[in-house]
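J.: Could you work out the structure for the sequence below:
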Amino acid sequence: MKRNRFVLALATVVAVCLALVGCSGSGGDGDPTKAFLGTWDLTEAPDLTSEDIDLMKALGIYCYVDLQDEGKAELNLMGEPLEGTWEAKSASECDITFEGETATATLEDDLLSLDMDGEVMSFKRLSDEDATKLKEDAASALDSLAESEEGEDAGSSWGDDEEIVEEVNQQIVNDDTCTIEIVNKKTDWAGDSGYTLRITNNSASDICVDALWGTFSVNGTMADPVLSETIKPGCNVETFMWFGQSDVPDLASLVSVEGELEVYDANTYETIATYPFAA
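T.: Residues are numbered from 1 along each chain as shown. Sure, this is the predicted structure:
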């Protein structure tokens with residue numbers, strides 16, 4: 001069972017980042033380094049939409065690059081810095097090196113872009129104020145993660161809670177594309193509440209099923225769940241579609257849930273169908 005595709009897609013981001021990141025801008029006063037100095041925030045990456053990146057940040061997952069004076073570079077993931085170096089080749093190109101790997105990044109329209117074998121990652125330059133806030137948010141996310149890990153080590157309820165389960169057994173859809181059933185609703189070991197779904201691929205192609213961003217509400221309040229599954233033809237999977245605790249603090253709050261599930265082709269990313277969800 002996959003927790004969500006955003007974190008999985010982040011693995012692609014990390015892999016490409018380690019094989020390097022890029023920059024953008026235009027130089028001034030004949031010094032090309034001025035075109036690149038600053039903090040660059042991830043805006044585009046392979047297999048990630050802008051909504052995916054926004055959700056990553058909402059989940060405390062950040063990715064940005066600092067290009068500093070004296071050729072110092074820093075890649076930051078969830079507050080964890082990875083140190084490297086960089087060098088301006090011109091006002092529109094620079095080389096960045098992390099973990100012994102170097103790649104060339106290009107600058108156009110104030111967007112820093114890196115093309116790795118046809119896979120493009122792009123970053124936008126932040127103002128000093130926005131860069132400060134981003135770094136504070138990333139550091140806060142790292143502190144929260146550390147506190148959770150400390151709580152787990154100390155035998156806290158994190159990771160030790162038993163699941164609370166209520167059977168549902170409700171069919172959402174059954175057609176030539178897929179069959180989707182709600183098996184139960186539950187609060188899982190991490191304290192997140194949601195629905196266990198059984199999804200069967202009735203088509204001849206690989207499909208992905210997502211909770212459509214911006215369509216879900218819980219008891220009349222907008223709230224986006226996390227769901228993403230890829231299913232091969234003729235196969236089925238049980239997966240957990242969950243809401244953050246700030247939206248749904250406990251199982252008793254998980255009532256009058258409405259939204260839409262999107263099914264799209266896993267190879268072409270074209271939408272095949274959308275289905276209403278109500279529970």
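J.: is it fair to say Ile53 lies in a helix?
T.: Yes. Using DSSP: H, G, I helix; E, B strand; the rest coil, the assignment for Ile53 is a helix.
J.: How are the helices of this structure distributed by residue range?
T.: Listed in chain order, the helices found in the chain under DSSP state H are 5-19, 50-58, 128-153.
J.: can you list the weak-confidence ranges in the chain?
T.: Applying pLDDT under 70 to the chain picks out residues 1-30, 77-80, 116-118, 144-161.
J.: mind giving me the domain split of the protein?
T.: 5-153, 164-278 (automatic domain parsing).
J.: which residues does the residue nearest to Phe216 when sequence neighbours are not counted form a beta bridge with?
T.: Distances taken as Cβ to Cβ, 6 or more residues apart in numbering put Gly259 closest to Phe216, at 3.2 Å, once the chain neighbours are dropped. Any C-beta I mention is one placed from the backbone N, CA and C, and that applies to glycine too. Counting by DSSP bridges, Gly259 is bridged to Phe277.
J.: check contacts around Gly259.
T.: By Cβ atoms under 8 Å, 6 or more residues apart in numbering, the residues touching Gly259 are Ala211, Leu212, Thr215, Phe216, Ser217, Pro225, Pro276, Phe277.
J.: ok, now Asp265?
T.: Ser205, Asp206, Ile207, Cys208, Ile272.
J.: among the residues you listed, which are in strands?
T.: Within these, residues falling in strands by DSSP state E are Ile207, Cys208, Ile272.
J.: And for the last one, nearest residue in space, chain neighbours not counted?
T.: In this case it means Ile272. Here the residue nearest Ile272, using Cβ to Cβ, 6+ apart, is Val263, at 4.8 Å.
J.: Distance of that neighbour relative to Cys208?
T.: Going from Val263 to Cys208 by Cβ to Cβ, to the nearest Å gives 7 Å.
J.: Looking at these two, which is more packed in?
T.: Set side by side, Val263 and Cys208 show more neighbours around Val263, with 23 against 18, by other Cβ atoms under 10 Å.
J.: which residues does that one contact?
T.: Thr177, Cys178, Ile207, Cys208, Val209, Thr271, Ile272, Ala273, Thr274, Tyr275.
J.: okay, now the nearest residue to Trp40 once chain neighbours are set aside: neighbour count?
T.: Spatial nearest neighbour of Trp40, excluding adjacent residues (Cβ to Cβ, 6+ apart): Phe123 at 3.6 Å. The number of residues packed near Phe123 is 25, by other Cβ under 10 Å.
J.: and what of Asp188?
T.: Asp188, neighbours per other Cβ under 10 Å, totals 16.
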